[in-house]
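> below is the sequence, then the predicted model.
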Amino acid sequence: MPPIQDMTSAASASRERTVQPSDDAALLDALQHQVAVFARRAEQTRLGGVGQVRNSMDRAAYLLLNRLDQEGPMGVKALAAGMGIDSSTVTRQVAPLVDTGLVKRTSHPEDGRAVVLQLSARGLAKLDEVRSSRRALMAQVTADWTEDERDSFTTLLTRLNGAFASRGARLPAGEQPGTDAEPVVEAAADQADEEPTEQAGPSEEAEPGAGGSTGS
């Protein structure tokens, strides 16, 4: 007869094998639910910042301007590839930004025949204003967090976004997203129906722009 300690260890291992899948499922359920709740909260508050510039720039415009600021002037195809969307979507989203003077079309520095998109001085000023407002919002909602907690959350959220981006890049061409909609937000929001609803703002416009309250 095996020693009692061995029998106890075997029973414990058996319980772990039985409980672990359930624990994993519960954890993943909790994760997808909290992502869905986050998506709803983000949509309702728009994550638009604080003060007078709150909601003054929609999500598509913000992401485009931010990309141009970080990467510098680039063509439509390069911008689309960097953001994981198609060129026609970028063309449509950039148009109002050009019309309002936030982005300008200019000649490629190495190939005068090519046209690139560049953040204008007005666009940079507007982007800095919106960033400052959103930074203040993040400071408010994480006011009782430690610096380590903020750092850890940012690292994990960046990793999650990267995982969704990698998954999207592996999808067949016909299943590739054609807009700037983040899979986490757009797909998960429909799963939070059991959450108490709050008064939401107006629906987000399909086209980006510099003004209005149409984005996160």
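Thanks, I have it.
> C-alpha only now, for contacts and for neighbours.
Noted.
> quick one, strands of the protein?
103-107, 115-119 (DSSP state E).
> so which of the ones you listed comes closest to Ser87?
Proximity to Ser87 (CA to CA) singles out strand 115-119 among the strands of the chain, at 12.8 Å.
> looking only at pLDDT, what's the mean for that closest one?
Model confidence over strand 115-119 averages 92 on the pLDDT scale.
> tell me which residues in that strand are buried?
Of the residues in strand 115-119, 115-119 count as buried by neighbour count, 16 or more other CA atoms under 10 Å.
> hang on, the earlier thing: mind putting the strands of the chain into JSON lines with distance to Ser132?
Putting these into JSON lines (distance: least, CA to CA, whole Å) gives the following:
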{"stretch": "strand 103-107", "distance to Ser132": "20"}
{"stretch": "strand 115-119", "distance to Ser132": "18"}
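> which among those is found nearest to Gly168?
Counting by CA to CA, Gly168 lies closest to strand 115-119 out of the strands of the chain; the figure is 25.2 Å.
> go through the buried residues of strand 115-119 and name the one nearest Ala165.
Out of the buried residues of strand 115-119, the one with the shortest distance to Ala165 is Leu117. That distance is 23.5 Å, counting by CA to CA.
> what sits opposite the closest one in the beta ladder?
Taking DSSP bridges, one finds Met74, Arg105 as the beta-bridge partners of Leu117.
> mind checking how far Tyr62 is from Ser152?
From Tyr62 across to Ser152, the span is 24 Å (CA to CA, to the nearest Å).
> compare the two (neighbour count), which wins?
Taking Tyr62 and Ser152 together and counting by other CA atoms under 10 Å, Tyr62 has the greater number of neighbours (20 against 12).
> my read: the more buried one touches Asp128, true?
No - under the criterion of CA atoms under 8 Å, Tyr62 makes no contact with Asp128, lying 10.5 Å away.
> what's the overlap in contacts for those two?
When contacts are counted by CA atoms under 8 Å, 6 or more residues apart in numbering, Tyr62 and Asp128 are jointly contacted by no residue.
> looking at the buried residues of strand 115-119, which one is closest to Ala30?
Top of the list for closeness to Ala30, among the buried residues of strand 115-119 and by CA to CA, is Leu119 at 40.5 Å.
> check contacts around that closest one.
Taking CA under 8 Å, 6+ apart as the criterion, Leu119 is in contact with 65, 68-69, 72-73, 102-104.
> name the helix or strand of the chain that has the lowest mean pLDDT.
helix 183-188 (a mean of 43; mean pLDDT, DSSP states H and E).
> just the buried ones from the contacts of Leu119, in PyMOL syntax?
Provided next is the PyMOL selection string for whichever of those are buried by 16+ other CA under 10 Å:
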select buried, resi 65+68+69+73+102+103+104
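> the contacts of Leu119: which two are farthest apart?
Put simply, by CA to CA the two of the contacts of Leu119 set farthest apart are Gly72 and Leu102, 13.9 Å from each other.
> now this structure, which segments are flagged as low pLDDT?
Scanning the chain for pLDDT under 70 picks out 1-22, 44-49, 51-55, 109-112, 171-216.
> could you rerun that using 80?
The model of the chain has pLDDT under 80 over residues 1-22, 42-56, 108-114, 168-216.
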